[in-house]
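Trainee: Provided below are the primary sequence and the corresponding predicted coordinates.
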Amino acid sequence: MLSSQPTLIMDNGAYSIKAGYATDQSARVFPNTVFKSKGERKRIFVADELDQCTDRSALFFVLPFERGYLVNWDTQLQIWNRVFGTEGAGLGVDCQQCRLVLTDPNEVAFAFTDNTDEIVFENYRFHAFLRTSASACTAQAHCSAHNPCCVVVDSGHSFTHIVPFVGGQIVREGIVRIDIGGKALTNQLKDWISYRQLHMMDETYLVNCCKEDCCFVSTDFQRDMDRWRANRVDYVLPDFVHTTRGHVLHWGDASNRLAHKNADVDEQQQKVTLGVERFALPELLIRPGDVEVQQMGIPEALCAAIERLPKEMQLLMARNIVLTGGNALFPGYRKRIEQELRSMLPEQYTLGVQQPSDPICHAWECARDAIQQQQHDDAETSASSAADVDAAATQFSPRLTAKFVSRAEYEENGPNICRRRFANVYNTNNNSNENNGDDGTI
């Protein structure tokens with residue numbers, strides 16, 4: 001049935017929220033944080049209100065997520081109210097006349113998901129609700145009739161999740177979590193800079209910007225170590241009068257050094273110099289043991305995830321690996337992971353590693369495309385007989401309307417209906433799913 005209600009899609013990440021209607025071209029990105037500034041002690045800044053903060057030095061962060069899981073609901077509700085409201089970049093959502101697609105981490109305990117379902121239906125009273133994961137949204141677009149298998153590597157703020165899918169359904173046996181994400185990298189860079197140059201342990205925001213602007217994943221670590229002096233940069237810190245974000249001054253050959261000396265840089269401006277740190281920091285994604293985190297790096301974990309699966313799936317999984325999350329923005333990230341994987345996997349495996357142009361918003365875009373495809377299919381079905389719709393074309397554009405839980409259904413059945421309908425697990429023992437007869441894969 002063609003739904004008359006607008007559909008709001010919200011990828012609720014630990015660092016940022018990507019939100020927008022299914023009819024929008026792109027998502028609006030909100031910081032999933034409440035900020036406090038030492039320069040404006042009597043005010044808090046919620047989500048996009050950070051744009052109104054003039055002094056971002058020593059910002060204090062209050063996050064709803066800890067270790068990648070939503071635990072601070074008071075803070076989360078403040079942020080959601082801002083996203084759903086009309087002020088600033090708010091979307092002006094009429095919740096009671098709107099359907100919601102919301103992401104949460106993969107395979108979360110019912111104690112977390114039941115809270116989410118209750119908030120959505122009882123606090124905001126959305127007309128209908130679909131809870132899924134960002135990885136499942138991504139797999140939705142990358143699993144096809146030609147290759148129903150896909151591995152999503154979602155490397156975000158709190159951790160990195162490696163999740164295999166068959167036909168858009170999670171294969172539990174292959175899920176791997178690595179406790180290294182953007183937050184751990186930022187904290188490590190704070191330690192290095194504070195020990196070697198300036199004390200910046202309280203400057204999470206500034207160091208995070210420095211990490212994003214300066215760092216890259218080395219594709220030849222020894223070569224970059226040998227020539228680190230030529231690759232070093234100065235990161236000029238903002239003064240929060242004329243600038244709110246730092247900028248990079250490159251050191252390289254003689255002409256670059258001369259330009260650096262002649263640059264119009266105020267003598268009073270502070271700067272930090274990054275040499276080895278530029279590529280040693282993202283190297284922790286590849287080798288967490290360098291900072292005594294006794295876990296596999298992303299390439300090794302990817303290889304382990306694939307090897308846990310049945311033999312007939314392994315070849316297909318290796319052909320369809322998708323890199324998403326904010327850490328995928330590091331230059332050299334995809335190439336390095338591909339290099340490492342090639343050396344680990346059997347040579348007869350064809351390797352296919354994809355990185356979308358916008359790895360942060362890719363899951364939101366995939367969910368939007370799935371909803372739009374569903375609405376298109378519903379319109380075609382209502383205009384002609386269902387038999388006229390090509391089943392092969394819609395096999396991996398699932399019937400999302402069957403997965404939504406309406407407010408009336410929730411009030412009648414409680415959280416159990418959400419547990420059943422949102423189940424999305426592929427059973428490798430009998431090649432069936434655990435969706436209890438409900439159609440669809442998201």
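Mentor: Everything's here; your move.
Trainee: Who does the strand or helix carrying Val101 pair with, and is each partner parallel or antiparallel?
Mentor: Using DSSP states H and E, Val101 sits within strand 99-103. Within its sheet, strand 99-103 is paired with strand 7-12 (parallel), strand 128-132 (parallel), according to DSSP bridges.
Trainee: heading toward the C-terminus, what's the first helix or strand past the first one?
Mentor: Read that as strand 7-12. Strand 7-12 is succeeded, C-terminally, by strand 16-21 (DSSP H and E).
Trainee: Not counting its own residues, what contacts the strand holding Val101?
Mentor: Here strand 99-103 makes contact (Cβ atoms under 8 Å, 6 or more residues apart in numbering) with 3, 5-13, 22, 116, 120, 124, 126-134, 137, 363, 367, 371, 404. Heads up, the C-betas are built off the backbone N, CA and C, glycines and all.
Trainee: cool, and stretch 202-213?
Mentor: Stretch 202-213 is contacted by residues 56-59, 61, 182, 185-186, 189-190, 193, 200, 235, 237-238, 245-248, 272, 274, 281, 329 when judged by Cβ under 8 Å, 6+ apart.
Trainee: Throw the strands paired with strand 99-103 into CSV and include mean pLDDT and mean neighbour count, thanks.
Mentor: Formatted as CSV, the strands paired with strand 99-103 follow (pLDDT from 0 to 100; neighbours: other Cβ atoms under 10 Å):
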stretch, mean pLDDT, mean neighbour count
strand 7-12, 96, 24
strand 128-132, 94, 24
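Trainee: can you pull out the strands in the stretch 251-400 of the chain?
Mentor: Ranges of strands in the stretch 251-400 of the chain, per DSSP state E, counting those that start in this stretch, are 271-274, 321-324, 353-354.
Trainee: Pick the most deeply packed of those strands.
Mentor: Neighbour counts (mean count of other Cβ atoms under 10 Å) averaged over each of the strands of the stretch 251-400 of the chain peak at strand 321-324, with a mean of 25.
Trainee: care to break this protein down by domain?
Mentor: When the chain is parsed with automatic domain parsing, its domains come out as 7-134+360-433, 142-180+292-354, 182-283.
Trainee: ranking these by burial, who's on top?
Mentor: Buried most deeply of these, by mean count of other Cβ under 10 Å, is domain 142-180+292-354, with a mean of 19.
Trainee: what distance separates that one from the centre of its chain?
Mentor: Domain 142-180+292-354 sits 15 Å away from the centroid of its parent chain (Cα atoms, centre = their mean, to the nearest Å).
Trainee: Might you report the residue contacts of Gln96?
Mentor: 125-127.
Trainee: for these, which one is nearest Thr75?
Mentor: Distance to Thr75, by Cβ to Cβ, is smallest for Phe126 among the contacts of Gln96, at 20.2 Å.
Trainee: Contact partners for that closest one?
Mentor: For Phe126, the contact set (Cβ under 8 Å, 6+ apart) comprises 95-96, 98-100, 120, 407.
Trainee: before we move on, back to that, how far does the strand holding Val101 sit from the chain's center?
Mentor: Worked out by Cα atoms, centre = their mean, strand 99-103 lies 16 Å from the chain centre.
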